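In: next come a sequence and a model predicted from it.
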Amino acid sequence: MAFTRQDVDYIAKLARITLSDDEQKNFTRQLDSILEYVNKLNELDTDSVEPTAHILPVQNVFREDEVKPCADSKLAVEQSPELRDGLFIVPPVIE
């Protein structure tokens with residue numbers, strides 16, 4: 001299967017970009033060469049190759065969940081720059 005100018009026009013339309021004639025020719029040629037390379041890769045015998053998701057061994061990098069006491073709420077309230085009725089007052093973020 002070869003890329004045609006109509007394929008490039010369709011992709012450009014999906015991407016909502018306008019291509020000049022030179023760009024269309026250039027992209028047609030480039031995409032066609034990419035497809036040729038992929039077709040060459042499809043000729044390789046990969047029957048004995050195990051599927052991989054990552055080339056390096058991946059381990060769980062998360063720590064174990066541990067129950068710990070939370071911060072003292074009175075201390076948090078004392079450190080607040082502005083309070084009203086026991087609630088933190090922050091600047092508005094919606095105009």
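Out: Perfect, I can see it now.
In: state the pLDDT value of the residue with the largest distance to the centre of the chain.
Out: The centre of the chain is farthest from one residue, residue 85, which by Cα atoms, centre = their mean lies 43.0 Å away. In this model, residue 85 is scored at 85, pLDDT.
In: ok, residue 22 - contacts?
Out: Not one residue lies near residue 22 by Cβ atoms under 8 Å, 6 or more residues apart in numbering. (Glycine included, C-beta is placed from N, CA and C.)
In: show me where the protein has strands.
Out: Under the criterion DSSP state E, the chain contains strands at 83-84, 87-88.
In: give me the sheet partners of the last one and which way each runs.
Out: In this case it means strand 87-88. strand 83-84 (antiparallel) (DSSP bridges).
In: where in the protein is pLDDT low?
Out: Within the chain, the stretches with pLDDT under 70 are 1.
In: which residues in it form helices?
Out: 5-15, 21-42, 73-78 (DSSP state H).
In: out of those helices, flag the one nearest residue 66.
Out: Set against residue 66 and scored by Cβ to Cβ, the helices of the chain come closest in helix 73-78, at 20.6 Å.
In: CA atoms only for the closest one, dumped as CSV, please.
Out: Extracted C-alpha coordinates of helix 73-78, given in CSV (Å, rounded to 0.1, in the frame of the first residue of the first chain):
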residue,chain,number,x,y,z
SER,A,73,-5.7,20.2,62.9
LYS,A,74,-5.2,22.8,65.6
LEU,A,75,-1.7,23.4,64.4
ALA,A,76,-2.8,23.7,60.8
VAL,A,77,-5.5,26.2,61.8
GLU,A,78,-3.0,28.2,63.9
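In: so how far is that helix off the chain centroid?
Out: The chain centroid and the centroid of helix 73-78 are separated by 39 Å under Cα atoms, centre = their mean, to the nearest Å.
In: elements contacting it?
Out: Packed against helix 73-78, as judged by 3 or more Cβ pairs under 8 Å, 6 or more residues apart in numbering; DSSP states H and E, are no other helices or strands.
In: list the buried residues for stretch 6-15?
Out: Neighbour-count burial for stretch 6-15 flags 7-8 (criterion: 16 or more other Cβ atoms under 10 Å).
In: what of stretch 20-35?
Out: Neighbour-count burial for stretch 20-35 [16+ other Cβ under 10 Å]: 27-28, 31-32.
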